[in-house]
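Student: Could you look at this predicted model? Sequence included:
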Amino acid sequence: MAAGLPDRVDCAHLADEAVVLERVYPLGEMPRLQDLLADARGSVRARFEFAKVDSGRAGATVAVEACPQLICQRCLQGFAYEVAGSSEIEPEIYATDEGLVSLRELAEEELLLALPLVAVCSTPQTCGRAPAYETAEAPAGESNDRTRPFTALRDLLKKT
Ligand SMILES: [Zn+2]
């Protein structure tokens, strides 16, 4: 987290002032995301627009943009997935007893909502088959994945 920027904020106060905040978080700092990531490179840009809603309570629009490396559920290879999402929320739902909300948690929640339930890469030509350049770099003794497309899946099932 960038120094000097508080993560926990008083959403009621920010809504009174109609404050807009922007933050960038490393994807590696989002614990609930880790199972979905092929690796934790990259970051998420988040924008929080606080405002009072009709009832007089604090509201916020949370918008996120990221390009995480997801694991394709068909070929189990990592692929870059561009994602953007935005929701209007009642931050009070997420508040601690002191009325504070964690901006990082709001961003993580929004990013999880925006990601596909089942991530599948968008390259049907190569999905399920190792690209030629990766095969060339495979360690000696490794079988050719193009002839055994389910090797990775079988290995995964053995581990569980
Ligand atoms: Zn795939």
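Tutor: Arrived safely, thanks for sending. Residues are numbered from 1 along each chain as shown.
Student: Could you report the neighbour count for the residue nearest to residue 30 when sequence neighbours are not counted?
Tutor: Nearest residue to residue 30, sequence neighbours excluded (Cβ to Cβ, 6 or more residues apart in numbering): residue 108, at 4.5 Å. Quick note: C-beta positions are derived from backbone N, CA and C, even for glycine. Look at residue 108: counted by other Cβ atoms under 10 Å, it has 21 neighbours.
Student: State the distance from residue 108 to residue 63.
Tutor: For residue 108, the distance to residue 63 equals 14 Å [Cβ to Cβ, to the nearest Å].
Student: ok, now residue 6?
Tutor: 20 Å.
Student: And for residue 116?
Tutor: Distance of residue 116 to residue 63, computed by Cβ to Cβ: 18 Å.
Student: Which one's more surrounded, these two?
Tutor: Comparing residue 116 with residue 63 by other Cβ under 10 Å, the one with more neighbours is residue 63, at 17 against 11.
Student: Would you agree that one falls within a strand?
Tutor: Yes - with DSSP: H, G, I helix; E, B strand; the rest coil as the criterion, residue 63 is located in a strand.
Student: so who does it touch?
Tutor: 46, 47, 49, 84, 85, 86, 110 (Cβ atoms under 8 Å, 6 or more residues apart in numbering).
Student: The ion contacts on this protein?
Tutor: 72, 74, 75, 121, 127 (Cβ under 5 Å from the ion).
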